[in-house]
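Student: need coordinates for the below:
(one chain, ligands or ions: 1)
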Amino acid sequence: MSLRQILIHPDPRLKKMCEPVARVTPEIEALADDMLATMYDAPGVGLAAPQVGVMSRIFVMDATRDPEAERRPMVLINPEIAWSSDDLNTYDEGCLSIPDQYADVTRPAEVRMRWLGLDGKTHEEDFDGLWATCAQHELDHLNGVLFIDHLSAIKRQMITRKMVKLKRERARG
Ligand code: NI
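Tutor: Here you go, the predicted model:
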């Protein structure tokens, strides 16, 4: 298990549609392990494969907020939304690929997700609260969509400019 480098926006790999995973291989298992370790290390509540430069439809999440609570690491392969509520929820979202930037995004409050698990079986589960927000945010990543794409053009450009500056500073070291 090893930590992977998280890509920072803007990066063309964060804007691409990811490919479905044909089957669970040892390589996919290793990727999932690395992604969970990278997410917990960051720390974050979700991480999608394109954020570590892998263009496959897989994301990990653990939206357990209470630090005292037991971890619930989840790996979702080829995830899709089977149902979403009419009720909406607004959450102050952030993203590991857009460090230290947060903005309100409104999404369905509840979603039923269907995905392939590492066990090779199809899973289905209803999510609400932060779990629902996180699942939709991560699914967006697999379609080349970032949370800032849900904001106004002005806000998006403002955040993008900050990220360009951040990347320039980091490159200088
Ligand atoms: Ni994100």
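
Student: now do residue 125, the pLDDT please.
Tutor: For residue 125, the model assigns a pLDDT of 98.

Student: which residue packs closest to it, ignoring adjacent ones?
Tutor: Distance criterion Cβ to Cβ, 6 or more residues apart in numbering; nearest residue to residue 125, sequence neighbours excluded, is residue 113 at 6.1 Å. Glycine gets a C-beta too; all of them are placed from N, C-alpha and C.

Student: what does residue 42 give?
Tutor: Nearest to residue 42 is residue 96, by Cβ to Cβ, 6+ apart, at 5.2 Å.

Student: how about the helices in this protein?
Tutor: Counting by DSSP state H, one finds helices in the chain at the ranges 26-41, 129-142, 153-172.

Student: so which residues of the protein form strands?
Tutor: For the chain, the strands defined by DSSP state E cover 46-48, 58-61, 74-84, 88-95, 98-108, 111-116, 122-127.

Student: for the first one, name the packing helices and strands.
Tutor: Just to be clear, that refers to strand 46-48. Here strand 46-48 touches helix 26-41, strand 58-61, helix 129-142, going by 3 or more Cβ pairs under 8 Å, 6 or more residues apart in numbering; DSSP states H and E.

Student: what of the fifth one?
Tutor: In this structure, strand 98-108 makes packing contacts with strand 88-95, helix 129-142, helix 153-172, judged by 3+ Cβ pairs under 8 Å, 6+ apart.

Student: with residue 62 as the reference, measure out to residue 70.
Tutor: The gap separating residue 70 from residue 62 is 10 Å, by Cβ to Cβ, to the nearest Å.

Student: give me the more crowded residue out of these two.
Tutor: Set side by side, residue 70 and residue 62 show more neighbours around residue 62, with 20 against 6, by other Cβ atoms under 10 Å.

Student: residues near residue 162, how many?
Tutor: Residues within reach of residue 162, counting by other Cβ under 10 Å, total 15.

Student: and the one 3 residues further on, by the same measure?
Tutor: A count of nearby residues for residue 165, using other Cβ under 10 Å, gives 10.

Student: ok, it to residue 146 distance?
Tutor: In terms of Cβ to Cβ, residue 165 sits 17 Å off from residue 146.

Student: in TSV: the strands of the chain, plus mean neighbour count and distance to residue 28.
Tutor: Listed next are those as TSV, based on neighbours: other Cβ atoms under 10 Å; distance: least, Cβ to Cβ, whole Å:
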stretch	mean neighbour count	distance to residue 28
strand 46-48	28	14
strand 58-61	27	7
strand 74-84	19	7
strand 88-95	16	23
strand 98-108	16	26
strand 111-116	20	10
strand 122-127	14	15
